[in-house]
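A.B. asks: Structure for this input, please:
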Amino acid sequence: MNFARTLYIILTYPQRLRHRLGFGVHSPWAYELVRDVFFEKLHYYAYEEQQLKTETERQLWRIKNRFGSDLVVLSDSALNEYEKVASTACPETILVLENIDGVNAEVWSRVLADSRATVTFDLMKRGVISFDPKRIKQNYIL
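C.D. replies: As a prediction, the model looks like this:
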């Protein structure tokens, strides 16, 4: 992680903490995602079945469970893959971009500037992108 990203995380921590609790998230759809999917504290039965040990694995499982077949996960150097998904995305498509603080930092900055990506969630190391044109463009820093 570079110095600029570390400084950015430190400076935005109070805002991140507030949004992680659901405050300042006015869309019912986004609020439900923040509270019940991204930062759920309850224990799921499938954590042992799927052998999910870390919180990041559990969070990705909850995201996959919530969106099912409409979910696309991209990990390393995903610029070309992002463009392909964004050009063919339907309103139900949800994209999870891994390593937005590392190898995909440039891709994440392009996602934020892209008009096709309407609602984005910055989860520090993971970004979640919605392509629904009915929603107002917004970036939540969680």
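A.B. asks: average pLDDT across the longest helix belonging to the chain?
C.D. replies: Ranked by residue count, the top helix of the chain under DSSP state H comes out as helix 55-67. Taken as a whole, helix 55-67 has a mean pLDDT of 91.
A.B. asks: Let's verify residue 121: helix, strand, or coil?
C.D. replies: Here residue 121 is recorded as strand under DSSP: H, G, I helix; E, B strand; the rest coil.
A.B. asks: Going by neighbour count, which residues of stretch 88-97 are buried?
C.D. replies: 89, 93-97 (16 or more other Cβ atoms under 10 Å). To be clear about C-beta, it is placed using only N, CA and C from the backbone, and glycine gets the same treatment.
A.B. asks: One more: stretch 29-49?
C.D. replies: Applying a neighbour-count criterion of 16+ other Cβ under 10 Å, one finds 30, 33-34, 37-39 buried in stretch 29-49.
A.B. asks: what residue ranges in the protein score low on pLDDT?
C.D. replies: For the chain, applying pLDDT under 70 flags the ranges 1, 15-22.
A.B. asks: so what's residue 75 closest to, chain neighbours aside?
C.D. replies: Distance criterion Cβ to Cβ, 6 or more residues apart in numbering; nearest residue to residue 75, sequence neighbours excluded, is residue 98 at 4.4 Å.
A.B. asks: Next, give phi and psi for that neighbour.
C.D. replies: phi -80, psi 160 (degrees, to the nearest 10).
A.B. asks: Show the contacting residues for it.
C.D. replies: Residue 98 is in contact with 73-76, 78, 104, 125-126, counting by Cβ atoms under 8 Å, 6 or more residues apart in numbering.
A.B. asks: Okay then, goodbye and thanks.
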